[in-house]
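Asks: what follows is a predicted structure for the sequence shown.
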Amino acid sequence: MSSTVRASTGDIPSSTAGEAAIGIGVVATIAASAVAGEDAAIVTVAKCNEDEDYREQADQEMKMHQSYRIKALLCRKGYTYCLICHLASGEKELPKDQNKIEHHNITAHCCPGIKCVRAGCFTRARYSRDIGLHQYVCHKLS
């Protein structure tokens, strides 16, 4: 038995083989016997929940980088914020001096950080993903 279920709003409860609880806009194809169909429904529900969790986490990361951009634009002249501190829910304003920023990163974060490639940008991140998101949000670089 094979069936495809599309949810346009809300969740569809799983009650028989071939049905699955599916998040909005997700399409799931379940092909198997009644027993295997139930197992596939459980796997599909788990996968949808993982996808939703990932989207929520990605949205939260984007919001953190957008708020960093605003704070960096509004900080005192000649200063910037530490992205690593910001992402860890801390606030640390630093002078726009590469040596002082690197010293802060080594002493506070045990790493020099990954520097943004944009000329004139003083941002450093702990992970390449964070510097990539910074470049995308702040400089529109991909």
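Replies: On my side now, so go ahead.
Asks: walk me through the domains of this structure.
Replies: Per automatic domain parsing, the structural domains of the chain span 2-53, 75-139.
Asks: where among those is average confidence lowest?
Replies: Note on these: lowest mean pLDDT is at domain 2-53, with a mean of 50.
Asks: can you give me the strands in this protein?
Replies: 2-6, 27-31, 79-81, 93-95, 114-115, 124-125 (DSSP state E).
Asks: state the distance from Cys110 to Tyr136.
Replies: 26 Å (C-beta to C-beta, to the nearest Å). Bear in mind the C-beta positions are built from the backbone N, C-alpha and C, glycine included.
Asks: tell me which of those two has more neighbours.
Replies: Tyr136 (13 against 8; other C-beta atoms under 10 Å).
Asks: who's in contact with the spatially closest residue to Cys82 that is not a sequence neighbour?
Replies: Nearest residue to Cys82, sequence neighbours excluded (C-beta to C-beta, 6 or more residues apart in numbering): Lys92, at 4.2 Å. Counting by C-beta atoms under 8 Å, 6 or more residues apart in numbering, Lys92 makes contact with 81-82, 85-86, 104, 108.
Asks: among those, name the buried ones.
Replies: Buried members of the contacts of Lys92, counted by 16 or more other C-beta atoms under 10 Å: 81-82, 85-86, 104.
Asks: hmm, which two among these are most spread apart?
Replies: His86 and His104 (12.7 Å; C-beta to C-beta).
Asks: and the end-to-end length of stretch 71-86?
Replies: One end of stretch 71-86 sits 10 Å from the other (C-alpha to C-alpha, to the nearest Å).
Asks: perfect, that will be all.
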